[in-house]
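Peer 1: structure for the following, please:
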Amino acid sequence: MFFDCIKNLKRKVDFIWQDEKYQNLPFIKRGYAIQSVIPFDSILFIGINPSFDEKKNKHFKSFFYDVHKSEVLHGYFRKFEDIANKTNMQWSHFDLLFLRETNQNNIKHMYNHILGKEFLKEQLKISKTVIETSQPKIIVISNAFARDLFLHECKFETYFDDSIGTHRIINNINLEGVPVFFTSMLTGQRALDNGSYERLIWHIKFVLKLEN
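Peer 2: Residues are numbered from 1 along each chain as shown. Predicted coordinates:
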C-alpha cells in the first residue's frame, strides 16, 4: 500500500506553478520534481528539494519520479536503501520543496523574501499533508534547513524521549508518537562518518524493536 502523489498532488502543485504572481521567481520555469509514490509504514527520509544539473537538464519540465523503479539507484539514495535493508524496513523519500535547484543558499534566499516565502510555504502545506497521510514508521531528517522547515513551517511539534534517545512527534492526530531522527547529511562531503552512520542504524533498529 502506498500514497499516490500523482493522483493526490498534481492538480494542487500545478495550480501553484501556474499562479501568475510567482512567474518571475527564480527557477520556477524549470518545473517541479516530486516522488510519485510513498509506501505506508516506511522509514521516510525527508530532504529539502530536488537538485538541478544544468549540463544534464537541457529541457525544463515538471515530472513525478519513482526512485524505487530507477534502473540505477542514484548515489544520493543508496544510504537510504542500505539503512532500510539493515533494518528490514521499506524506505521512502520525500522532499519538502518541489523546486529544482542544487544550491540551497538560493532556496534560503528565496525564503527570506515575501513572495518567495509565500511560494515555498504553499509547497510546505502540501508536504505536511503527504507526511501525515503516508504515516511513516520512522522519520529521518538529515538536513538542517529541512529540520527548520519541518518544525517551524510544517508545524510538527516534537519532544526528546529519553527512553528511546530521539525525538517523537506530539500534538498531531495522524503521527502522534512517531520517532524522528535529526541527523547530519548521509551523503556528500559533510556526510556522517562511518562510526556515526553505524550508530544511526543501530539506533533505528533499537527504536523499531521497542515500537514492535
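
Peer 1: could you point out the longest helix of this protein?
Peer 2: Secondary structure of the chain read by DSSP state H shows that its longest helix is helix 114-134.

Peer 1: ok, the next helix or strand after that helix: who's next to it in the sheet?
Peer 2: Next helix or strand after helix 114-134 toward the C-terminus (DSSP states H and E): strand 138-141. Sheet pairing of strand 138-141 (DSSP bridges) gives strand 43-47 (parallel), strand 179-182 (parallel).

Peer 1: buried residues of the helix or strand following the first one, list them for me.
Peer 2: Per DSSP H and E, strand 43-47 leads on to strand 63-65 as the next helix or strand towards the C-terminus. Within strand 63-65, the residues scored as buried using 16 or more other C-beta atoms under 10 Å are residue 64. Just so you know, the C-beta spots here come from the backbone N, C-alpha and C atoms, and that holds for glycine as well.

Peer 1: for strand 63-65, which helices and strands make contact with it?
Peer 2: Applying 3 or more C-beta pairs under 8 Å, 6 or more residues apart in numbering; DSSP states H and E, we find strand 63-65 packed against helix 5-17, strand 33-35.

Peer 1: return the distance of stretch 127-141 from the chain's centre.
Peer 2: In this view, stretch 127-141 has its centroid 9 Å away from the chain centroid, taken as C-alpha atoms, centre = their mean, to the nearest Å.

Peer 1: again, but for stretch 203-212
Peer 2: On the basis of C-alpha atoms, centre = their mean, stretch 203-212 sits 21 Å off its chain's mean C-alpha point.

Peer 1: using PDB, write out every CA atom in it.
Peer 2: Taking Å, rounded to 0.1, in the frame of the first residue of the first chain, the C-alpha atoms of stretch 203-212 are listed here in PDB:
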ATOM      1  CA  HIS A 203      19.600   3.300  17.000                       C
ATOM      2  CA  ILE A 204      16.900   2.900  14.400                       C
ATOM      3  CA  LYS A 205      16.900  -0.900  15.000                       C
ATOM      4  CA  PHE A 206      16.700  -0.300  18.700                       C
ATOM      5  CA  VAL A 207      13.700   2.100  18.400                       C
ATOM      6  CA  LEU A 208      11.900  -0.300  15.900                       C
ATOM      7  CA  LYS A 209      12.400  -3.200  18.400                       C
ATOM      8  CA  LEU A 210      10.800  -1.100  21.200                       C
ATOM      9  CA  GLU A 211       8.000   0.000  19.000                       C
ATOM     10  CA  ASN A 212       7.100  -3.500  17.800                       C
END
